[in-house]
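Novice: sequence-free structure coming up:
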């Protein structure tokens, strides 16, 4: 089950292969720049399961007839019913029986199966992929050929999915997340060992490493197919109990979510409260003779219950841990999904707390990132949840992974003032009292704070929310003002980032403070974008000196992050200056327009 697919039209070595990655950077034989095929059992999982469903439907429809043929004593009165069917005619099975066409029917079924197997096999033969030093390419299709390409310098993450049946067979699905809508490249399916090795190779190549650490481990001894199958099934069953991922050098997971807390967090939600109200309404309505409520609401309640249970099962085995290639997030009980988000791929972070969670002190963390999926894809939400439910200490650990450049004192301020709200010595710029009527409940909490490399937005009372926006990932900042806002001397601020569950919007901000924020964010975003190197997050020692010397001038002009933090003890990273003139603002705008877009930097 862990055999390596043979290369297509090549010898399987990277010698003389144009575009092949450096051999010292890759571990898997599938990463040699040659075209390879997927796992031989791929047609079984992609099309064979469909055949099993069809056969199941056929057998369900022929249940009574099969019972009459093989188990007649289980249904004594079924013989009369079968006689009535045969006398009525019109049934293809009755026609075959009446005309004694058993052999012809069997040959027809066999022919259909042969055609389907031939189609699946041909589709597998034409479905190939290769990994070069620059991109991951996939070719598929028999009559209509399709070729997809994911440049490694724009990889937003690599997801490893283990469906229940596939993982028992020792197989997994690899998905390379691209920088665009519906831009992902999928390798389904590979053996679990090959998928993990290929994932590591892709992340290693995308990180910008030039030299790799050659592995000194001896090659494993070949084993027989029977022993290999036994080891695969045993390992995957053990993975269902202990977890799917091998330990990393860092902590296994910085956050542990008890099952009781996970279940309680789903129960303590507004949707559950609405469900209870609907159940009470149905009970009262049925007791009053309004029976149509059963047909109108019961299916919806059953559907919500299934969604509620699926959400809990999907969030089980949650783990988040740092790795050399980014943040590794794992979740799922039966179908396990492991995603690695490289540094710099998080565009916005939101820490939120519903009012029903407040007595327990629970919070959730969501992020905006490029998932490479279409907007209509319902599975996008599961790739934007960094912490389903956790305490304030859990949130601080997760923020340490998602925003590692944030200093410890700033991180403590985010937790104390940003999450729990204004207190003594509040450093946020809040809504002025004259505009309390725009946000009557939350105007004391509604505010922003700009640090060296992030913009913080705090709002909400019923749903407490704190939005963290890295300036290097910020696309633009807009100010919006309606007639009522103009009368109160306030404006609305909206930051523009990639689409996701996080809404970086803040209302009722003092007009002068918003204008000053606009100018400071414009300068800070340009500086951080020029100093950002997270699209190639790994550099070895041989490249460090040339890069440092060549980029020193640009880093000084852009306000390098590390030097900025070193200077923060004596002077602020963003100095307080007078309002720039119109010409200076135009120059800043032209500099921001010349900065490459996030999709180019991704």
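Specialist: Thanks, I have the structure now. Predicted model only: the values in this text are computed from it and were never measured.

Novice: Buried residues, stretch 485-496. List them.
Specialist: 485, 488, 490, 491, 492, 493, 495 (16 or more other CB atoms under 10 Å). C-beta here means a position set from N, CA and C on the backbone, and glycine is covered the same way.

Novice: what packs against the host helix or strand of residue 411?
Specialist: Element membership for residue 411 (DSSP states H and E) is helix 408-413. Where contact means 3 or more CB pairs under 8 Å, 6 or more residues apart in numbering; DSSP states H and E, helix 408-413 is packed against helix 392-402.

Novice: circling back to that earlier point, Throw the buried residues of stretch 485-496 into CSV and include secondary structure, pLDDT and distance to residue 138, thanks.
Specialist: Converted to CSV, these look like this (DSSP: H, G, I helix; E, B strand; the rest coil; pLDDT from 0 to 100; distance: CB to CB, whole Å):
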residue, secondary structure, pLDDT, distance to residue 138
485, helix, 91, 50
488, helix, 91, 55
490, strand, 94, 51
491, strand, 95, 48
492, strand, 95, 44
493, strand, 96, 42
495, strand, 95, 35
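
Novice: Now the two most distant members of those residues.
Specialist: Spanning the widest gap among the buried residues of stretch 485-496 are 488 and 495, at 21.8 Å by CB to CB.

Novice: Show me what residue 158 is bridged to.
Specialist: Residues in a beta bridge with residue 158, per DSSP bridges, are residue 176, residue 340.

Novice: Could you tell me which ranges of the stretch 51-200 of the chain sit under the pLDDT cut-off?
Specialist: 51, 57-98 (pLDDT under 70).

Novice: tell me the strands in it, going along the chain?
Specialist: Ranges of strands in the stretch 51-200 of the chain, per DSSP state E, counting those that start in this stretch, are 128-131, 135-140, 146-151, 157-162, 171-177, 185-191.

Novice: out of those strands, deepest packed?
Specialist: A comparison of the strands of the stretch 51-200 of the chain by mean neighbour count, using mean count of other CB atoms under 10 Å, puts strand 171-177 on top with a mean of 25.

Novice: Which other helices and strands does it contact?
Specialist: Counting contacts by 3+ CB pairs under 8 Å, 6+ apart, strand 171-177 packs against strand 157-162, strand 185-191, helix 192-206.

Novice: relative to strand 146-151, how tilted is that strand?
Specialist: Between strand 171-177 and strand 146-151, the angle comes out at 70 degrees (axes from the mean of the first three to the mean of the last three CA atoms, to 10 degrees).

Novice: Doesn't residue 467 belong to a strand?
Specialist: Yes. Residue 467 sits within a strand when classified using DSSP: H, G, I helix; E, B strand; the rest coil.

Novice: Begin at 25 from now on, thanks
Specialist: That works, and once the first residue is 25, the last one we named lands at residue 491.

Novice: I'd like to know the beta-bridge partner residues of it.
Specialist: Residue 491 forms beta bridges with residue 374, residue 481, as assigned by DSSP bridges.

Novice: before we move on, back to that, ok, the buried residues of stretch 509-520 vs residue 125, which is closest?
Specialist: residue 519 (71.0 Å).

Novice: measure the closest residue to the closest one other than its chain neighbours to residue 371 for me?
Specialist: Ranked by CB to CB, 6 or more residues apart in numbering and with sequence neighbours excluded, the top spatial neighbour of residue 519 is residue 528, at 3.9 Å. For residue 528, the distance to residue 371 equals 9 Å [CB to CB, to the nearest Å].

Novice: Compare those two and say which is more crowded by neighbours.
Specialist: A count of neighbours by other CB atoms under 10 Å puts residue 371 above the other of residue 528 and residue 371, at 25 against 21.

Novice: State the distance from that one to residue 474.
Specialist: Separation of residue 371 from residue 474 (CB to CB) stands at 17 Å.

Novice: just so I know, which of the strands of the stretch 75-224 of the chain lies nearest residue 351?
Specialist: Closest to residue 351 of the strands of the stretch 75-224 of the chain is strand 181-186 (CB to CB; 9.2 Å).

Novice: Go ahead and name everything in contact with the closest one.
Specialist: Contact partners of strand 181-186, identified using CB atoms under 8 Å, 6 or more residues apart in numbering, comprise 196-201, 216, 219-220, 223, 226-227, 263, 268, 350, 359-366, 369, 393, 407.

Novice: Apply 6 Å and report the result again.
Specialist: Residues outside strand 181-186 that contact it (CB atoms under 6 Å, 6 or more residues apart in numbering) are 196-201, 219, 223, 226, 268, 360-365.

Novice: cool, and stretch 360-374?
Specialist: Defining contact as CB under 6 Å, 6+ apart, one finds that stretch 360-374 is touched by 180-186, 268-269, 349-354, 390-393, 426, 491-493, 497, 521-522, 526, 528, 558, 561.

Novice: can you give me the helices for the stretch 225-374 of the chain?
Specialist: Remark: helices assigned in the stretch 225-374 of the chain by DSSP state H, counting those that start in this stretch are 249-266, 283-291, 294-311, 316-339.

Novice: Return the most buried member of the ones you listed.
Specialist: Between those, helix 283-291 has the highest mean count of neighbours, a mean of 15, where neighbours are mean count of other CB under 10 Å.

Novice: and residue 411, that's in a strand?
Specialist: Yes. Under three-state DSSP, residue 411 falls within a strand.

Novice: Would you confirm that it contacts residue 389?
Specialist: Yes. Counting by CB atoms under 6 Å, residue 411 touches residue 389, with 3.8 Å between them.
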